[in-house]
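Peer 1: Return atomic coordinates for the entry below.
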Amino acid sequence: MNKFNLNDNFETANGFIQNARNELFRAEEDVVPQLIFNNVRAVLKLVFTSFLHQRGHSPGPIGLHDMGAYCARLDSRFGELSMELVPHEGNEQMRYINMDNLEKCIDVAEKAVGLMQHQAWPESKRVK
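Peer 2: Residues are numbered from 1 along each chain as shown. Predicted coordinates:
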């Protein structure tokens, strides 16, 4: 059986975030929003899946936003993620495509990784 490695997932998620951030460093007219959205979705899927596996749940074939809602039912902190800033795949509307909203979208991914970090190293197990 493959062990679901939370530390590897944490590193992978941070790599996706870095890829999204790197895209923002380009000239505004050269930024490809789809790359940012894809990286953010990859982070969220990894975080949600990691959380559910850690809790003994299998996410099954559900969409990203539904998976986020499922996580929020298990842990209310996931409900604090502004998922409305992350467009559904294939439904990237023009209202999302400005530099400020792209930045906010990445912020959602970073907050999700923070939740994953908290799951991997809960307060009770941290060195004080």
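
Peer 1: which secondary structure element contains the residue most central in space within the chain?
Peer 2: Residue closest to the average C-alpha location in the chain (C-alpha atoms, centre = their mean): residue 44, at 2.5 Å. Assessed by DSSP states H and E, residue 44 sits inside helix 33-54.

Peer 1: re the thing from before, surely the residue nearest to the centre of the chain meets residue 68?
Peer 2: Yes: counting by C-beta atoms under 8 Å, residue 44 touches residue 68, with 6.7 Å between them. In this view, the C-beta of every residue, glycine as well, is placed from N, C-alpha and C.

Peer 1: Could you report the neighbour count for residue 37?
Peer 2: 22 (other C-beta atoms under 10 Å).

Peer 1: Residue 82 versus that one, what's the distance?
Peer 2: 14 Å (C-beta to C-beta, to the nearest Å).

Peer 1: Mind giving me the packing neighbours of the helix holding residue 44?
Peer 2: Applying 3 or more C-beta pairs under 8 Å, 6 or more residues apart in numbering; DSSP states H and E, we find helix 33-54 packed against helix 6-24, helix 64-74, helix 99-120.

Peer 1: quick one: which of those helices is nearest residue 53?
Peer 2: When the helices and strands packed on helix 33-54 are compared by C-beta to C-beta, helix 6-24 sits nearest residue 53, at 8.7 Å.

Peer 1: what's next to that closest one, contact-wise?
Peer 2: Outside helix 6-24, the residues within contact range by C-beta atoms under 8 Å, 6 or more residues apart in numbering are 31-32, 35-36, 39-40, 42-43, 46-47, 50, 54, 99, 102-103, 105-106, 109-110, 112-113, 116-117, 119-120.
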